[in-house]
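Engineer: for reference, the sequence and a predicted model appear below.
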Amino acid sequence: KYAVSYQGVPIRLTPNEFKLLHLLGSRAGQTYTREQLLDALHGAASSLDRSVDSHIKNLRKKLERASGETLIETVYGVGYRLLEPKP
């Protein structure tokens, strides 16, 4: 359905934000490099393209607003990961 919600409240995402969340959520806890994320979005990664940072920033803000907690973590010098759910 390409729909995301948190506790029944819909979260509006752009197509690129949805793709990123889907990738990160498919393996929560796994760190993805910028190049891997760019490749998932555009099919060809360029280490000079920093657009993924902007998409992650916007996605992080929307998820934090809905959940009240940080869900996407920056792994310094590597990339990003979705934190695993707390038990």
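Structural biologist: Good, I have the coordinates. Numbers count the residues shown, from 1 in each chain.
Engineer: for this protein, just list every one of the strands.
Structural biologist: Along the chain, counting by DSSP state E, strands occupy 4-6, 9-11, 32-33, 72-75, 79-82.
Engineer: what's the closest of those strands to Arg65?
Structural biologist: strand 9-11 (8.3 Å; C-beta to C-beta). Yep, even glycine has a C-beta here, placed from its N, CA and C like the rest.
Engineer: could I get the buried residue list for the closest one?
Structural biologist: Neighbour-count burial for strand 9-11, counted by 16 or more other C-beta atoms under 10 Å, picks out Ile11.
Engineer: and it, how far from the chain's centre?
Structural biologist: 16 Å (C-alpha atoms, centre = their mean, to the nearest Å).
Engineer: then stretch 32-48?
Structural biologist: For stretch 32-48, the distance to the chain centre is 13 Å (C-alpha atoms, centre = their mean).
Engineer: rounded mean pLDDT for it, please.
Structural biologist: On average, the pLDDT along stretch 32-48 is 80.
Engineer: what comes up buried for it?
Structural biologist: By neighbour count with 16+ other C-beta under 10 Å, stretch 32-48 contains the buried residues Tyr32, Thr33, Arg34, Gln36, Leu37, Leu38, Asp39, Ala40, Leu41, Ala45.
Engineer: with distance to Leu59 added, can I get the strands of the chain in TSV?
Structural biologist: Converted to TSV, those look like this (distance: least, C-beta to C-beta, whole Å):
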stretch	distance to Leu59
strand 4-6	10
strand 9-11	9
strand 32-33	13
strand 72-75	7
strand 79-82	9
